[in-house]
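Asker: The following comprises the amino acid sequence and a computationally predicted model.
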There are 2 protein chains.
Amino acid sequence: MARRSDHSREEIRAMALAAAQQIVTEQGFAALNARKIASAIGYTVGTLYLVFKNLDDLFLQLNARTLDDLHAALADTASAHADCEQRLKALAHAYVDFACEHTQRWELIFQHRLPPGETLPQWYQVKISAVFGLVEAALAELAPERSSAQVAEAARALWGGVHGICILALTNKLGVGGATSPRASVESLVTHYLYGFRALTGS
Amino acid sequence: MARRSDHSREEIRAMALAAAQQIVTEQGFAALNARKIASAIGYTVGTLYLVFKNLDDLFLQLNARTLDDLHAALADTASAHADCEQRLKALAHAYVDFACEHTQRWELIFQHRLPPGETLPQWYQVKISAVFGLVEAALAELAPERSSAQVAEAARALWGGVHGICILALTNKLGVGGATSPRASVESLVTHYLYGFRALTGS
DNA sequence: ACCTGAACACCGTTCAAGT
DNA sequence: ACCTGAACACCGTTCAAGT
């Protein structure tokens, strides 16, 4: 059997990514596999390998879309705040909101690992840098006297911090009994960090 | 065949956990599976299920040991610093050192997820709380006027932050090309956060 | 040319059968 | 009683064979 050509390669790619997104959203990372994706789009497993190099490639392309969506949400937030301290706080809360609203998709970015030895492709690292860029831009505006290296360092510290609070809260590893809301912790982190960042001139 | 009784149940349990620890350390989470653990201790897969409920149970017990080791390292560090600000910084750096030195074991704590619906057992959550307790104790001493709820909130914010920096740095998801050292970012985070925490009386 | 579906080498988990 | 090893229902990936 075979030779259907109901859909172009690009259509199959889009359908597969949409199906994978729905599966991970509804059932989580562990439930995401090739046969389930294929049957959701009405094709057999083999077809996926005509369009994607392998499952790692499919997951990477799915994560790339999520990073695009995250960047769009943060960029929208950034453009709504002229004051750069307000902007940084709004960015942090927008990150928390995205993580809470799209938890499974957002977690897939961090749960998926390439086989040992393989590194993330350059076009993918560019997308990560774009998200960090929004934070760096606001920090640079807040402290114009700092070098770009100092601003980059502060962005890593602050954004790593925001991310860590989200991860520990959403995966229930923050020590306390039930799940805790990351909102208050992030507010505390950003407020205190920025106060110190502006007050201390060295580093 | 069968009936060897070369080892007691408890001995087999200890051997399996030691083998699993070695495999994850040398080959990473993805390479850790039942058949490999069993053959490393000279038994067949079936035997593992006499001692552990399933692989999730085995991983949880391995993570419990790692949490014990982490707690011991942090407790040692804490007792070496009388000044509580110095103690907090030393704790943060000790956490970074542990994550860098035992990366694969430390990552297993966060990469391993129970099936949807299942929650971490109470005895395990106690171990997580013990680690947080060291941070809370130092923060409480630093700011005796704060309520215990405020101290707990600050511990979540600060420690979530330290953790996030480590995770992003060690998994190469901090935006910049090569891997970045988490040490400088953590130093920046803790210094600036604590400065703000002491200066701002509300929250 | 496009797609299938069976095959291969793996998984986690169970359990009748051996000693 | 203790352990085996074969079996089951799954994986990801490949590829000869059909249309």
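Answerer: Received it, and whenever you're ready, just let me know what you need.
Asker: element containing the nearest residue in space to A:A40 that is not next to it in sequence?
Answerer: Leaving aside its sequence neighbours, A:A40 sits nearest to A:A19 (Cβ to Cβ, 6 or more residues apart in numbering or on different chains; 3.9 Å). For the C-beta atoms, the positions are set from N, CA and C on the backbone; glycine is no exception. Using DSSP states H and E, A:A19 falls within helix A:9-27.
Asker: Report whether that helix contacts DNA strand C.
Answerer: Yes - applying Cβ under 7 Å from any atom of the strand, one finds helix A:9-27 touching DNA strand C at A:R9, A:I12.
Asker: quick one, longest helix in chain A?
Answerer: Secondary structure of chain A per DSSP state H: the longest helix is helix A:55-79.
Asker: Show me which residues of chain A sit near DNA strand C.
Answerer: Residues of chain A lying near DNA strand C (Cβ under 7 Å from any atom of the strand): A:1-7, A:9, A:12, A:43-47, A:50.
Asker: one step back: pull out the buried residues from the longest helix of chain A.
Answerer: By neighbour count with 16 or more other Cβ atoms under 10 Å in any protein chain shown, helix A:55-79 contains the buried residues A:55, A:58-64, A:66-67, A:70-71, A:73-75, A:77-78.
Asker: Can you name every helix or strand that the helix or strand following it contacts?
Answerer: Per DSSP H and E, the first helix or strand lying C-terminal to helix A:55-79 is helix A:84-101. Applying 3 or more Cβ pairs under 8 Å, 6 or more residues apart in numbering or on different chains; DSSP states H and E, one finds that helix A:84-101 makes contact with helix A:55-79, helix A:122-142, helix A:148-170, helix A:182-199.
Asker: And the pLDDT at A:T180?
Answerer: As summarised for this prediction, A:T180 has a pLDDT of 76.
Asker: Give the burial count for it, as a bare number.
Answerer: Neighbour count of A:T180, defined by other Cβ atoms under 10 Å in any protein chain shown: 20.
Asker: shouldn't it be in contact with B:A155?
Answerer: No - using Cβ atoms under 8 Å, A:T180 makes no contact with B:A155, being 11.1 Å away.
Asker: Closest residue of chain A to chain B?
Answerer: A:G164 (2.0 Å; Cβ to the nearest Cβ).
Asker: give me every residue that touches that residue.
Answerer: Counting by Cβ atoms under 8 Å, 6 or more residues apart in numbering or on different chains, A:G164 touches B:G160, B:G161, B:V162, B:H163, B:G164, B:I165, B:C166, B:I167, B:L168.
Asker: Would you quantify the distance from the nearest residue to it once chain neighbours are set aside to A:A30?
Answerer: Nearest non-adjacent residue to A:G164, counting by Cβ to Cβ, 6+ apart: B:G164, 2.0 Å away. Distance of B:G164 to A:A30, given as Cβ to Cβ, to the nearest Å: 23 Å.
Asker: Likewise for A:R87?
Answerer: 37 Å.
Asker: sorry, back to before: of all the residues of chain A next to DNA strand C, which comes closest to A:G196?
Answerer: The closest of those to A:G196 turns out to be A:I12 (Cβ to Cβ; 51.6 Å).
Asker: dump the residue contacts of the nearest residue to that closest one once chain neighbours are set aside.
Answerer: Nearest residue to A:I12, sequence neighbours excluded (Cβ to Cβ, 6+ apart): A:V51, at 5.2 Å. For A:V51, the contact set (Cβ under 8 Å, 6+ apart) comprises A:R9, A:I12, A:R13, A:A16.
Asker: and what of A:N63?
Answerer: A:N63 neighbours (Cβ under 8 Å, 6+ apart): A:L108, A:I109, A:H112, A:Y124.
Asker: ok, now with 6 Å
Answerer: A:I109 (Cβ atoms under 6 Å, 6 or more residues apart in numbering or on different chains).
Asker: hang on, the earlier thing: for the helix or strand just after the helix holding A:A19, buried residues please.
Answerer: Next in sequence after helix A:9-27, counting helices and strands by DSSP H and E, comes helix A:34-40. By 16+ other Cβ under 10 Å, the buried positions in helix A:34-40 come out as A:A34, A:I37, A:A38.
Asker: name the element the nearest residue to A:D56 once chain neighbours are set aside belongs to?
Answerer: Excluding the flanking residues, the one nearest A:D56 by Cβ to Cβ, 6+ apart is A:L114, at 5.9 Å. Using DSSP H and E, A:L114 sits within no helix or strand.
Asker: Quick one, grab the pLDDT at A:L114.
Answerer: For A:L114, pLDDT reads 95.
Asker: okay, now it: neighbour count?
Answerer: Neighbour tally, A:L114, other Cβ under 10 Å: 14.
Asker: Please report phi then psi for it.
Answerer: For A:L114, the backbone dihedrals (degrees, to the nearest 10) come out as phi -70, psi 160.
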